[in-house]
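>>> the sequence and its predicted three-dimensional model are supplied below.
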Amino acid sequence: QVQLVESGGGLVQAGGSLRLSCVISGRTFSRYTMGWFRQAPGKEREFVATIASSTAYADSVKGRFTISRDNAGNAVYLQMNSLKPEDTAVYYCAASLAARLGVKSYDYPYWGQGTPVTVSS
């Protein structure tokens, strides 16, 4: 069974930085396409970033967020800089064995439990 565990969320002031981590169980991590999504209160879950052999970002985070992966450590990271109050959300890590970048929630069958990020103004 595939399990994903996120960590690194918290409270930060606007302009600050956070680094989210996601560790996935399993021996074939390098084959997974990984994604980060977020869901703000009262809003639908939205795409943030994805990584396979390349990366893609939502326009709202491009230039501020960086997704990376450590295949040896079965981990994916989301470095978030220049945070804004509108980045406040629960951030979810997701995984797929599809060999393409995914920007839709339905592209990913495996999900973590989420880690909350709050950016104060």
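Nice, thanks for sending it over. All figures in this text were calculated on a predicted structure; none of them were measured in a lab. Numbering: from 1, shown residues only.
>>> quick one: neighbours of the closest residue in space to Thr66 that isn't next to it in sequence, just the number.
Setting aside the residues directly before and after it, Thr66 is nearest to Gln79 in space (C-beta to C-beta, 6 or more residues apart in numbering), at 4.4 Å. Every residue, glycine included, has its C-beta placed from N, CA and C. The number of residues packed around Gln79, counting by other C-beta atoms under 10 Å, is 15.
>>> how about Asp70?
Using other C-beta under 10 Å, Asp70 has 12 neighbouring residues.
>>> let me see the backbone angles for it.
Asp70 adopts backbone torsions of phi -120, psi 100, taken as degrees, to the nearest 10.
>>> was I right about it contacting Tyr77?
Yes - at 7.4 Å, Asp70 counts as touching Tyr77 under the criterion of C-beta atoms under 8 Å.
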